[in-house]
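1. I would like to see how this sequence folds:
(one chain, ligands or ions: 1)
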Amino acid sequence: MNDLIKTLKIKFDEAFNNNTNKRIFFAPGRVNLIGEHTDYNGGYVLPAALNIGAYLVLSKRNDKLIRCASLNFEDAGITEYDIDNINLEKLNNNWTLYVIGVITSLRKKNINLDKGFDVLIYGDIPNGAGLSSSASLVVAFTKAFNEIYNLNLSPIEIAQIAQNAEHFAGTLCGIMDQFASSMGKKNHAMFLNCNNMLYKYAPVNLGNYSLIIMNSNKKRKLNESKYNERRSECETALNLLKQEIDAQTLCDITLNDFNKYSKKLIENDIILRRARHAITENERCIKAFDELTNNNIKEFGQLINESHYSLKDDYEVTGYELDVLTDVARNFEGSLGARMTGAGFGGCAIAIILKESEKSFMTYVDKIYNNKTNLEVQFINAVISDGAREIIE
Ligand code: GLA
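-> Residues are numbered from 1 along each chain as shown. From the prediction side, this is the model:
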């Protein structure tokens, strides 16, 4: 048995003095290749699930008690709830916000868990890295409840319930992260239309190049960041544009139409730039999917660069550290492109680097990034992997 799984089982038994009926689930984090801040604007995204994420050992109880422990927050100890009478005061600054978020979002769909449970969780995604540690947690819970309580949810419903749980926790995120975590496929990215949930898998075949994921180590907390503000700026832009164009979402609007009608936004430069990012990024994502499926890696890398510039200049979600990190990565000989990934404001970036130069790339980035920021870059050791699943040993 895998050492990590063995340890999790032992820790579970120790924490709860319970070694019956336990089952183990894993849900991955994700890396987004391109299509950033388009999901809540009804556009396309191109994420891929990773082999790092959240593990959960769960055993259903015969009574109504919920007991939660986390190996990432051992100091928090065991948090207990009565499933029929959840004490919301306990949620302040406590990771169990996400568990209760899933239970609450199931209730909104008239799904009630009849019995409580003991659960131990462990996540191996660095916190605040922008690789969806929170999405992996809510998807792992939704998947586990689905299997253990026989809820009959489809993988898309699992993603939607998990998304709703994150809204409960304070971030008005789109569907991308939970979708990738629930439905990811080994060695593939998912080209998802967030308007209608139709998707295709695209093999991530970069030939002589590798995808490198780098953590800037600039920490951010999504629900405290400007994420929700960006979302509402996009709504403002859409409402203004709707006076001229028939559109349900920003990404319904083509760049040509936007250029024609953006007069409406001319008085508010910020709103104009936010909308321009969403619309151009959506078009870049569609092109990037084509380039990737046709093995045009150079062109794909160029779109990755353009995505970063737009996130920096129009959407303003990059910040000094991510700009430095991607500049350094982009300027390395043997690099085809680099961009931030995820919500931004810190966290991770990706780069497409010639395989044979990987080692020298890491040495180079490590040194220059540290000189310019005083932070250490962390290269994330992860590969593209399958979505949420039960681990049966
Ligand atoms: C976060 C959100 C996603 C998405 C990205 C930006 O990861 O959870 O829904 O909006 O930011 O593309």
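2. in terms of contact count, name the helices or strands touching the longest strand along the chain.
-> If you go by DSSP state E, the chain has its longest strand at strand 47-60. Helices and strands touching strand 47-60, by 3 or more C-beta pairs under 8 Å, 6 or more residues apart in numbering; DSSP states H and E, are helix 3-16, strand 23-32, strand 117-123, helix 133-148, helix 176-183, strand 188-193. Using the backbone N, CA and C atoms, a C-beta is placed for each residue, glycine as well.
3. go with 6 Å
-> For strand 47-60, the helices and strands in contact under the criterion 3 or more C-beta pairs under 6 Å, 6 or more residues apart in numbering; DSSP states H and E are helix 3-16, strand 23-32, strand 117-123, helix 133-148, helix 176-183.
4. closest to the ligand out of the ones you listed?
-> Among the helices and strands packed on strand 47-60, the nearest to the ligand by C-beta to the nearest ligand atom is helix 176-183 (4.5 Å).
5. Tabulate the CA atom coordinates of that closest one in CSV.
-> Taking C-alpha atoms only, helix 176-183 is exported to CSV below (Å, rounded to 0.1, in the frame of the first residue of the first chain):
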residue,chain,number,x,y,z
MET,A,176,-13.4,25.9,-14.0
ASP,A,177,-11.5,24.6,-11.0
GLN,A,178,-14.2,22.3,-9.7
PHE,A,179,-14.9,21.0,-13.2
ALA,A,180,-11.3,20.1,-13.8
SER,A,181,-11.0,18.5,-10.4
SER,A,182,-14.1,16.4,-10.9
MET,A,183,-13.6,15.5,-14.6
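6. And the ligand, is that helix touching that?
-> Yes - Helix 176-183 reaches the ligand (C-beta under 6 Å from any ligand atom) through Met176, Asp177.
7. got a list of contacts for that helix?
-> 27-28, 30, 39, 45, 47, 49, 132, 135-136, 139, 155, 158-159, 162-163, 190, 192, 387-388 (C-beta atoms under 6 Å, 6 or more residues apart in numbering).
8. now do 8 Å
-> If you take C-beta atoms under 8 Å, 6 or more residues apart in numbering as the criterion, helix 176-183 is touched by 27-30, 32, 35, 39, 45, 47-49, 53, 132, 135-136, 138-139, 142-143, 155-156, 158-160, 162-163, 166, 190, 192, 194, 197, 199, 387-388.
9. Also stretch 75-85?
-> 15-16, 64-70, 87, 90, 94-96, 100, 103, 113, 115-116.
10. Just the terminal-to-terminal distance for it.
-> Taking C-alpha to C-alpha, to the nearest Å, the first and last residues of stretch 75-85 lie 25 Å apart.
11. For it, buried residues please.
-> Using 16 or more other C-beta atoms under 10 Å as the test for burial, stretch 75-85 gives Thr79, Tyr81, Ile83.
12. Out of those residues, which comes closest to the ligand?
-> For the buried residues of stretch 75-85, the minimum distance to the ligand (C-beta to the nearest ligand atom) is 24.4 Å, reached by Thr79.
13. burial of Gly207, as a residue count?
-> Gly207 has 9 neighbours, counted by other C-beta atoms under 10 Å.
14. Could you do the one 3 residues further on as well?
-> By other C-beta under 10 Å, the residues close to Ser210 number 15.
15. Could you pull up the residues touching it?
-> Contacts of Ser210 by C-beta under 8 Å, 6+ apart are Ile352, Ile353, Lys355, Glu358.
16. now the buried residues of stretch 75-85 in TSV, with distance to Arg107?
-> Below are the buried residues of stretch 75-85 laid out as TSV (distance: C-beta to C-beta, whole Å):
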residue	distance to Arg107
Thr79	19
Tyr81	14
Ile83	11
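17. show me the contacts for the closest residue to Asn18 other than its chain neighbours.
-> Excluding its sequence neighbours, the residue lying closest to Asn18 (C-beta to C-beta, 6 or more residues apart in numbering) is Asp118, at 5.5 Å. Residues counted as contacts of Asp118 (C-beta under 8 Å, 6+ apart) are Phe12, Ala15, Phe16, Asn18, Leu58, Ser59, Arg61, Arg67.
18. again, 10 Å this time
-> Residues in contact with Asp118 (C-beta atoms under 10 Å, 6 or more residues apart in numbering) are 12, 15-18, 20-22, 57-61, 65-69, 78, 80.
19. who does the helix or strand that comes right after the longest strand of the chain pair up with?
-> As assigned by DSSP states H and E, the chain's next helix or strand after strand 47-60 is strand 65-70. Using DSSP bridges, the strands paired with strand 65-70 are strand 79-82 (antiparallel), strand 117-123 (parallel).
20. List the buried residues for strand 65-70?
-> Ile66, Arg67, Cys68, Ala69, Ser70.
21. Equivalent analysis for stretch 316-333, please.
-> Neighbour count says stretch 316-333 has 316-319, 321-326, 328-330, 332 buried, by 16+ other C-beta under 10 Å.
22. Filter those residues down to the ones in helices?
-> Glu321, Leu322, Asp323, Val324, Leu325, Thr326, Val328, Ala329, Arg330 (DSSP state H).
23. Farthest-apart pair in those residues, please.
-> Glu321 and Arg330 (14.7 Å; C-beta to C-beta).
24. tell me which parts of the stretch 1-150 of the chain are close to the ligand?
-> Glu36, His37, Asp39, Tyr40.
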